[in-house]
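Colleague: Sharing a sequence plus its predicted fold:
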Amino acid sequence: MAQESTDDWAISAVGAGALRAKMTPLTMSIPNLTGMKVDFQSANYEASFVNSVLYSFGKNDLLTRGLQVRRKIGSLVLGVNFANMYSSQRTRDKGNDMKGTLHDFAPTPIIYALRILDDSPHDGDGSIVHDVKLLVDGVYRQDIKPMVIIDDLQRELVSAVTSKAEKDYLDPGSTYGGHKLTFDNLTLFERTPKYLDYMYINDHMRGWNSKNLDKNFDIELGEKYYEVIDPSGKPIQVNGKEYVVYLFDLGSIKDKINRVQVVATVANDYRIQVSQIYTKNIEGGHDYQGENKSYYQAEYWKTMAQADGNIKDSSNLRTVKVDFGYEVGNMIYGFDAHFNYLGFRFEEIRFDEDYRKFEEYKSSSFFVRMWLGY
């Protein structure tokens, strides 16, 4: 710890293994962070800076930084806030870009999963899917047909896998096996796809791994839980807890891929999510030995688009394009104002930008936090 002060200003710097890094509720508020924090204060100005290396392996780092500047004008306090978490790979050109970069150990996905849900599951008239197309490096790939499965959120942790060694694959957990992390890596908003069930259904349809399939998977139960449908038929509507999953298998592509997208034509109250099913096997490709549990892994579902409002009459029919890729960075910036006039109090506005790579991709979401009262 170090500090200095005069009659006009004061500054302090603290480095600790359990630092209280609090700026605003919508940008950064971490009670137990390993890192450094610098604070400056004068009569009319306040500033704070936070820096932390959350994870480091070789030349790959996961870093977070935060900055807050506030100006006092009478009874009004105006603030500017910034927080950033990103992956750095120091052996690459532009590997320290604050938008993030892929690390050297990132596996190549084999199957790209798209999920469309009813965003208001309690009132019926859910999302309608008219069409879903795959784009690879900007080219429509009509030759790659998805496997389309109707599933149910009420069975999100229910599996037709019978093997005791495999049936726990849906339990929340982490494949990370390194040193203890300085943050909670199990704080998750979504679950993973039921990729092991889907892989066994795919094996059953293609006649793969029949010996292990009979031993590890209840085919009759799988046919009861999951409905495999023809994607070229009429529009698909999912209501309530139902959802539809599109699985695009890119294992047949041997060339380098720079970008993978889907273009979905949807209506009503939809929510669109993406995930990637991959292997860490250095030879890549599919598993033909019946080792689905140890061979495949999947990312957690990530929401990429949602309908505005609870539309039920298809008046919002639109085409939505979403990207696949690993999340490599997240940038939050915002403004806050503190004043109290006749009981009215405004607190904070936040902008959130999320960066994902194959090719650099940016999606933005907008949040407002405000308090009113007397």
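Modeller: Arrived safely. Numbers count the residues shown, from 1 in each chain.

Colleague: Any stretches of the stretch 51-200 of the chain with poor pLDDT?
Modeller: Per-residue confidence for the stretch 51-200 of the chain (pLDDT under 70) gives these ranges: 172-189.

Colleague: Which parts of it are helices?
Modeller: Secondary structure of the stretch 51-200 of the chain (DSSP state H, counting those that start in this stretch): helices at 195-206.

Colleague: quick one, strands of it?
Modeller: 60-73, 76-89, 109-118, 128-136, 139-140, 147-152 (DSSP state E, counting those that start in this stretch).

Colleague: cool, and the stretch 201-350 of the chain?
Modeller: 227-229, 236-237, 242-249, 260-267, 270-279, 296-298, 302-306, 318-323, 326-338, 344-357.

Colleague: who does the third one touch, helix- and strand-wise?
Modeller: Spelled out, it's strand 242-249. Of the remaining helices and strands, those touching strand 242-249 by 3 or more CB pairs under 8 Å, 6 or more residues apart in numbering; DSSP states H and E are strand 109-118, strand 128-136, strand 147-152, helix 195-206. Where you see a C-beta, it was placed from the backbone N, CA and C, and this is true even at glycine.

Colleague: Show me which positions of the second one end up buried.
Modeller: Yep, that's strand 128-136 we're talking about. Across strand 128-136, burial judged by 16 or more other CB atoms under 10 Å covers 128-130, 132-136.

Colleague: Parallel or antiparallel, list what pairs with that strand.
Modeller: The pairing partners recorded for strand 128-136 under DSSP bridges are strand 139-140 (antiparallel), strand 236-237 (antiparallel), strand 260-267 (antiparallel).

Colleague: quick one: that strand to strand 270-279, angle?
Modeller: Compare the direction of strand 128-136 with that of strand 270-279 by axes from the mean of the first three to the mean of the last three CA atoms, to 10 degrees and you get 40 degrees.

Colleague: what does strand 128-136 rub up against?
Modeller: 112, 114, 116, 140-142, 144, 146, 231, 235-238, 244, 246, 248, 250, 253, 257, 259-268, 270, 314, 317, 321 (CB atoms under 8 Å, 6 or more residues apart in numbering).

Colleague: Give me the buried entries from the residues you listed.
Modeller: For the contacts of strand 128-136, a burial check counting by 16+ other CB under 10 Å picks out 112, 114, 116, 141, 144, 146, 236-238, 244, 246, 248, 250, 259-262, 264, 266-268, 270.

Colleague: residues in contact with residue 106?
Modeller: residue 326.

Colleague: shift numbering so it begins at 48
Modeller: Will do, 48 is the new start, and the previous item becomes residue 153.

Colleague: From residue 287, how far off is it?
Modeller: 36 Å (CB to CB, to the nearest Å).

Colleague: do residue 256 as well
Modeller: 34 Å.

Colleague: How about residue 122?
Modeller: From residue 122 to residue 287 the distance is 50 Å (CB to CB).

Colleague: Residue 269 too?
Modeller: 22 Å.

Colleague: One more: residue 135?
Modeller: 43 Å.

Colleague: With residue 129 instead?
Modeller: 41 Å.

Colleague: Compare residue 122 and residue 287 and say which is more crowded by neighbours.
Modeller: Using other CB atoms under 10 Å as the criterion, residue 122 and residue 287 rank with residue 287 on top: 17 against 9.

Colleague: since we're on the residue nearest to that one when sequence neighbours are not counted, how many residues are nearby?
Modeller: Excluding its sequence neighbours, the residue lying closest to residue 287 (CB to CB, 6 or more residues apart in numbering) is residue 168, at 4.8 Å. By the measure other CB under 10 Å, the count of residues near residue 168 is 18.

Colleague: Then residue 252?
Modeller: Neighbourhood size, residue 252 [other CB under 10 Å]: 10.

Colleague: That one against residue 269, yeah?
Modeller: No: using CB atoms under 8 Å, residue 252 is not in contact with residue 269, being 10.7 Å away.

Colleague: Nothing else from me, thank you.
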